[in-house]
Each structure stands twice: as structure tokens, then as C-alpha cells.
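Undergrad: output the structure for:
(2 chains)
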Protein chains: 2
Amino acid sequence: MEIKTIIGISAGVLTAVSILPQILKVLREKKAQAVSPLMFFVLLAGNLLWCWYGLILNELPIVVTNAFSVGCDILMIVVNYKYSKR
Amino acid sequence: MEIKTIIGISAGVLTAVSILPQILKVLREKKAQAVSPLMFFVLLAGNLLWCWYGLILNELPIVVTNAFSVGCDILMIVVNYKYSKR
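TA: Predicted structure coming up:
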């Protein structure tokens, strides 16, 4: 594997997992984050564009890790919405 | 400007600004986020690797927007640390 690919995958995994503590926190406390859901829609739009950008560059690390982030963003939006109704 | 560059810059700007509401929230409430600072160190490491990856690919959108994110991450860590001491 190229060093470039290793760096790209590491970068993507790190930025992708950084959202996990927030999701876990909301799930554990069953209370929505005080942070605006708008933030996660902005993040979702950004991650989708990164996927597109990665496809154009034909760089799999960008596509795969941002696709994972897109999943996390959607999960966060759903969880946030669910617990903000209480 | 190439369409690729426009997509890359848009993607980077969106993912970079998504951290701003969190920083503003902590500054406004003068109270640290309940989210672990570890998250921001992970994000910082990830954004630094993205910069490196962007330099290898010679893709300025990746480098510039992640450099901005690195600045935001450091600001968030400093602000979080400052207000967690109260």
C-alpha cells in the first residue's frame, strides 16, 4: 500500500471517529446535544461533497472515510431529533 | 477554476465551519463542553494528517481547509481547557 493511501486512511478514520463521543453521549444521556442540529446538516453536506471530490480525484481513502462520516452524521441527526422531542 | 477545486473548497469550508457553533457556544456560556477534549485532539491529529495528504496529492483545497480546521481545533482545545477549570 502506498504511504499516501495510509496517511489518507489514517486522516479519514481520525476525523470520522471524532464524532462518535458526541453520538455516544446523546445515546447514554438520552438528552439531545445543546449544539444546533444545523451543525450536523452542514457537516453532512460537507462530507457528501468530500465523497464527490474523492470520486473525482479517484482517491478511495477520501470516499470511504467520508461515506462513514455521512453515516455518522445521519445517525447523529436522527438521535438528536429523537431525544429533543422529550 | 476547475469544478473539482470548487467542490473541494466547498466541502472543506462546510466541514471546517461545522465546528464553529461549538466554539461559540463555549465562549458564550463560559462553560466547557461536556464532550471529552480527547475528541478534539483526535480531530486535530486527523486534520493535520489531511493537510499532509493534501500536500502529497498537491490539492490545495484539502490543505487550506484542513489548516483552517487545525486552527479551530486548537482554539477549541484552549477554550475548553480555560473554562473547564472553573
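
Undergrad: what residues does chain A put near chain B?
TA: Taking C-beta under 8 Å from any C-beta of the partner chain as the criterion, the neighbours of chain B within chain A are A:3-4, A:7-8, A:10-18, A:21-22, A:25, A:34-36, A:38-40, A:42-43, A:45-47, A:49-50, A:52-53, A:56-57, A:59, A:61. C-beta here means a position set from N, CA and C on the backbone, and glycine is covered the same way.

Undergrad: show me which of the residues you listed are buried.
TA: A:7-8, A:10-18, A:21-22, A:25, A:35, A:39-40, A:42-43, A:45-47, A:49-50, A:52-53, A:56-57, A:59, A:61 (16 or more other C-beta atoms under 10 Å in any protein chain shown).

Undergrad: mind checking which of those are in helices?
TA: With helices defined by DSSP state H, the entries of these inside them are A:7-8, A:10-17, A:21-22, A:25, A:39-40, A:42-43, A:45-47, A:49-50, A:52-53, A:56-57, A:61.

Undergrad: mind checking which helix or strand of chain A has the lowest mean pLDDT?
TA: Evaluated with mean pLDDT, DSSP states H and E, the helix-and-strand set of chain A has its lowest mean pLDDT in helix A:20-29, which scores a mean of 82.

Undergrad: which strands and helices sit next to that helix?
TA: Contact partners of helix A:20-29 among helices and strands, from 3 or more C-beta pairs under 8 Å, 6 or more residues apart in numbering or on different chains; DSSP states H and E: helix A:60-84, helix B:37-57.

Undergrad: would you reformat the ones you listed as JSON lines and include mean pLDDT and distance to residue B:74?
TA: Shown next, in JSON lines, are the helices and strands packed on helix A:20-29 (pLDDT from 0 to 100; distance: least, C-beta to C-beta, whole Å):
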{"stretch": "helix A:60-84", "mean pLDDT": "89", "distance to residue B:74": "21"}
{"stretch": "helix B:37-57", "mean pLDDT": "91", "distance to residue B:74": "7"}
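
Undergrad: in JSON lines: those helices, plus distance to residue B:75.
TA: Formatted as JSON lines, the entries for the helices and strands packed on helix A:20-29 read as follows, by distance: least, C-beta to C-beta, whole Å:
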{"stretch": "helix A:60-84", "distance to residue B:75": "22"}
{"stretch": "helix B:37-57", "distance to residue B:75": "10"}
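
Undergrad: residue contacts, the spatially most central residue of chain A?
TA: Against the mean C-alpha coordinate of chain A, by C-alpha atoms, centre = their mean, the closest residue is residue A:69 at 2.5 Å. Contacts here follow C-beta atoms under 8 Å, 6 or more residues apart in numbering or on different chains; on that basis residue A:69 touches A:12, A:15, A:16, A:19, A:43, A:47, A:50.
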